[in-house]
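1. structure for this input, please:
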Amino acid sequence: MRFPVRVSAALLAVTALTLSAGTRALAQSTASPTAGNGTYIAVDPLANVRYDNRFDLSLGMAYGRIMAGPTLDQGANLGGLDLNGSYWFSKHWGLEGSGRGYLGTSGAAASAPPIKGPFVSQYLFAGGAEWLGPHNKHGALIAHAMVGGARFDSHLGTTHTAQEVDFYPNQIAPAAIFGGHFDLNRSAHWVFRVTPDALFTRYSFNYTTLPATASPRSNWNFGISVGVEYKFKTKR
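-> Numbering: from 1, shown residues only. Now for the predicted structure:
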């Protein structure tokens, strides 16, 4: 039994030496060559964060809640994309444009013909002022107020009419976006962004006249997106 014991001891010794050598090699490879003594030099990825960029662009996965009709008891929960771009003309003030598209299903009126989960979509296009609030190298709070238009489509085809299911007719109507961004900097150019907003639309529902001359109804709803922002190198 001495031979197996000697082999096991030898293997343990070789393993220990290998692990020791690997640990020293790893320490040397991760240490900065300028340190000279095998120690780590901390590198701050946020050291070059500045709020002096001229342009930025963000894209996020979006959620938006809408009312698909003037008297529906339940809202429609839609998903989509949120694209925003900014032009900064001073440290705190800029112009922002936003394009957002949402798609999902909605309930219909109780008196509607048999229909399950008809699709509805909403597209928002707006622009306005943007204000940079409290900020540091870690993140920033940004507020915005934008006005523009909304496109509503019930996707009913020729099977049902909007009036039958108590939906708004397909139309383009006034819209506004009020809210802002919660930014978390990941580097000098890349930002993790959360954008909660109040979404205002004013759709018409008089089915016997054109939407432009029909009686409108104001709706306030909630929308939020989560995504990334890129700050371009161009400076003010």
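2. every contact and neighbour count from this point should use C-alpha atoms.
-> Fine.
3. can I see the domain layout of this structure?
-> As assigned by automatic domain parsing, the chain contains the domains 1-43, 55-231.
4. how about CSV for those domains, with mean pLDDT added?
-> Output for these, formatted as CSV (pLDDT from 0 to 100):
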stretch, mean pLDDT
domain 1-43, 48
domain 55-231, 91
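5. what's the closest of these to Val49?
-> The closest of these to Val49 is domain 55-231. By C-alpha to C-alpha, the value is 4.4 Å.
6. helices along the chain, start to end?
-> Assigned by DSSP state H, the chain shows helices spanning 2-30, 162-165.
7. for Asn221, see how far away the nearest residue to Asp197 once chain neighbours are set aside is.
-> Spatially, and ignoring its direct neighbours in sequence, Asp197 is nearest to Gly179 (4.3 Å; C-alpha to C-alpha, 6 or more residues apart in numbering). The gap separating Gly179 from Asn221 is 12 Å, by C-alpha to C-alpha, to the nearest Å.
8. so between these two, which is more surrounded?
-> Neighbours were counted for Gly179 and for Asn221 using other C-alpha atoms under 10 Å; Gly179 has more, 18 against 15.
9. next up, the contacts around the more buried one.
-> Applying C-alpha atoms under 8 Å, 6 or more residues apart in numbering, one finds that Gly179 lies in contact with 143-145, 195-198.
10. let's go with 10 Å and repeat that
-> For Gly179, the residues meeting the contact criterion (C-alpha atoms under 10 Å, 6 or more residues apart in numbering) are 130, 142-146, 195-199, 222-224.
11. tell me which residues form a beta bridge with it?
-> Per DSSP bridges, the residues bridged to Gly179 are His144, Asp197.
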